[in-house]
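**Q** Here is a sequence together with a model predicted from it:
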Amino acid sequence: MKKEIICIVCPNSCRITAEYDGKTINHIQGAQCRKGREFIENEIKNPLRTFTGSVQCISGNYQLVSVKTSKPIPKKYMKQIGKKTHQIKVKAPVEIGQVIIHHIMELDTDLVATRRVKNVNKDKAI
């Protein structure tokens with residue numbers, strides 16, 4: 001199989017072509033630096049992404065809290081985590097960096113808040 005990927009590691013934005021069979025890379029062309037070659041190898045063998053999304057917030061000055069994974073996860077889990085975030089409700093107050101879910105999807109990463117939400121009604125419970 002042949003695939004062209006634009007590298008996003010450094011400002012060169014190289015157009016790198018990789019020829020591979022399954023996860024075995026036969027040839028890489030177009031990488032101007034070592035980082036580009038490593039990026040392509042990772043993209044083919046184990047693509048990782050940082051999930052970003054939002055969860056519902058109760059009693060907050062915002063109805064949603066933006067969240068992200070604390071470190072990149074295998075790309076294949078992105079949709080599953082997205083579906084899971086639709087089911088999550090947190091109660092204000094929420095602080096930036098607060099862990100919303102430890103080890104989400106049993107992965108070695110947490111779902112953390114990226115927005116501060118103040119509690120606007122201290123008497124209401126979930």
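**A** Looks like it came in fine.
**Q** CA only for contacts and neighbour counts going forward, please
**A** Will do.
**Q** hang on, isn't residue 55 packed against residue 84?
**A** No. Assessed by CA atoms under 8 Å, residue 55 is found out of contact with residue 84, at 9.3 Å.
**Q** which one of these two has more residues nearby?
**A** residue 55 (20 against 13; other CA atoms under 10 Å).
**Q** Which elements pack onto the top helix by length along the chain?
**A** Counting residues, the longest helix found in the chain (DSSP state H) is helix 34-45. With contacts defined as 3 or more CA pairs under 8 Å, 6 or more residues apart in numbering; DSSP states H and E, helix 34-45 has these neighbours: strand 15-21, strand 24-29.
**Q** Please identify the most buried of those strands.
**A** The highest mean neighbour count among the helices and strands packed on helix 34-45, using mean count of other CA atoms under 10 Å, belongs to strand 15-21: a mean of 16.
**Q** So what are the sheet partners of that one and their directions?
**A** strand 2-6 (antiparallel), strand 24-29 (antiparallel) (DSSP bridges).
**Q** Adding distance to residue 88, write those out as JSON lines.
**A** Formatted as JSON lines, those follow (distance: least, CA to CA, whole Å):
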{"stretch": "strand 2-6", "distance to residue 88": "35"}
{"stretch": "strand 24-29", "distance to residue 88": "39"}
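**Q** which stretch among those strands comes nearest residue 96?
**A** With respect to residue 96, and counting by CA to CA, the nearest of these is strand 2-6 at 32.1 Å.
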